[in-house]
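Enquirer: dropping the sequence and predicted coords here.
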Amino acid sequence: MKKVLKAMGIALLAIVILIGVFFFWLTHRDASLKENYRDEIQTGGALEASYLKDGPYAASYYEDPAFQVFEKYEISYPAELETENKKYPVIVVCNGTGWKGSLSKAQHQFYASYGFIVIVTEETYSWNGFGAEMCIRHLERLNNYQRLNDKENVFYQKIEFDHVGIIGHSQGGVGVINAITNTEHKSIYKAAVALSPTNQQLAEALEWPYHADQITAPILLVSGAGGGDDWVVTGEGLKEIYDQIPGDKVMMRRKNTEHGRTLTAEDGYIMAWFMWQLQDDEEAARAFVGEDAEIQTNPLYQDIQTDLE
């Protein structure tokens, strides 16, 4: 009887969450991140503030149509890629429920300003990692052919597949976990960020299963806490995911940050994480490791746990 009641409770919670997501989508469906969205982000540490600033590269944009329901591939990249003879690391993005990649173009241009090729689609149902897998396949195509559609391909031999990261928010956080554990190219990912990934019980109720115990890539888990507690994954739910991960991992919750705001609120540390993991930036590493790791004393975060070699 207890199991039945528990199952009913989870199903009811799933319905409530779906209704909440639906109204969130109705409210934000025509919204997009402003170019100056980072101006509104508060920081609590010198490194967080430093990596929230524009990087050293001007950013450009390119898109290709896709023969899938996610409409197109959208790529932000360092403008110098068009003329320089070198390879660039990659960040793949998994969208949250109802949130198309084009709505976060300002954020992806910010990532590109640090030397990353950033690829995303218009997919709004990303939990299974399929969109991420297709992004990798599309990048392989761009990397392998000098001319495409009878045009010179600026990405030819410019993509660094040994340094690929992935990030996703909410349902996209589930997409991140499935991309790095259950896709053909799962081993290509060398760093991951899951922002407010749907807690495991709710994900099961929504038929979005994932297996955190199979994660091998270093991963940063972030959620909200406090005044607008993150209703998709509470601190207990995030800790449950964290405890199952066998490899390198970091968990942190940003105070007074509701679910939607976790999409952008931690961008300083997200960039530091990718700069450390994918570009060997030792200054960025100081945010997470060492006796004076900045995240441990940043007053904007709580429930910080790390297990890093």
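Expert: Done, it's in.
Enquirer: and L308, how many neighbours?
Expert: By other CB atoms under 10 Å, the residues close to L308 number 12. In this view, the C-beta of every residue, glycine as well, is placed from N, C-alpha and C.
Enquirer: ends of stretch 77-89, what's the gap?
Expert: 10 Å (CA to CA, to the nearest Å).
Enquirer: how about the helices in the stretch 101-250 of the chain?
Expert: Taking DSSP state H, counting those that start in this stretch, the helices of the stretch 101-250 of the chain run over residues 105-112, 130-144, 171-181, 200-205, 235-244.
Enquirer: quick one: the strands in the stretch 1-150 of the chain?
Expert: 59-65, 72-78, 88-94, 117-121, 147-148 (DSSP state E, counting those that start in this stretch).
Enquirer: in the chain, where is pLDDT below threshold?
Expert: Filtered on pLDDT under 70, the chain yields the residue ranges 1-30, 227-229.
Enquirer: reformat the helices of the stretch 101-250 of the chain as a markdown table; add distance to D303 and mean neighbour count.
Expert: As requested, the helices of the stretch 101-250 of the chain are exported to a markdown table (distance: least, CB to CB, whole Å; neighbours: other CB atoms under 10 Å):
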| stretch | distance to D303 | mean neighbour count |
| --- | --- | --- |
| helix 105-112 | 25 | 22 |
| helix 130-144 | 27 | 20 |
| helix 171-181 | 17 | 29 |
| helix 200-205 | 17 | 19 |
| helix 235-244 | 5 | 18 |
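Enquirer: so which of these is nearest I219?
Expert: Minimum separation from I219 across those (CB to CB) falls at helix 171-181, 7.7 Å.
Enquirer: any idea how far that closest one is from the middle of the chain?
Expert: The chain centroid and the centroid of helix 171-181 are separated by 9 Å under CA atoms, centre = their mean, to the nearest Å.
Enquirer: for that helix, packing partners?
Expert: Here helix 171-181 touches strand 88-94, helix 130-144, strand 159-169, strand 189-195, going by 3 or more CB pairs under 8 Å, 6 or more residues apart in numbering; DSSP states H and E.
Enquirer: I appreciate the help and will end here.
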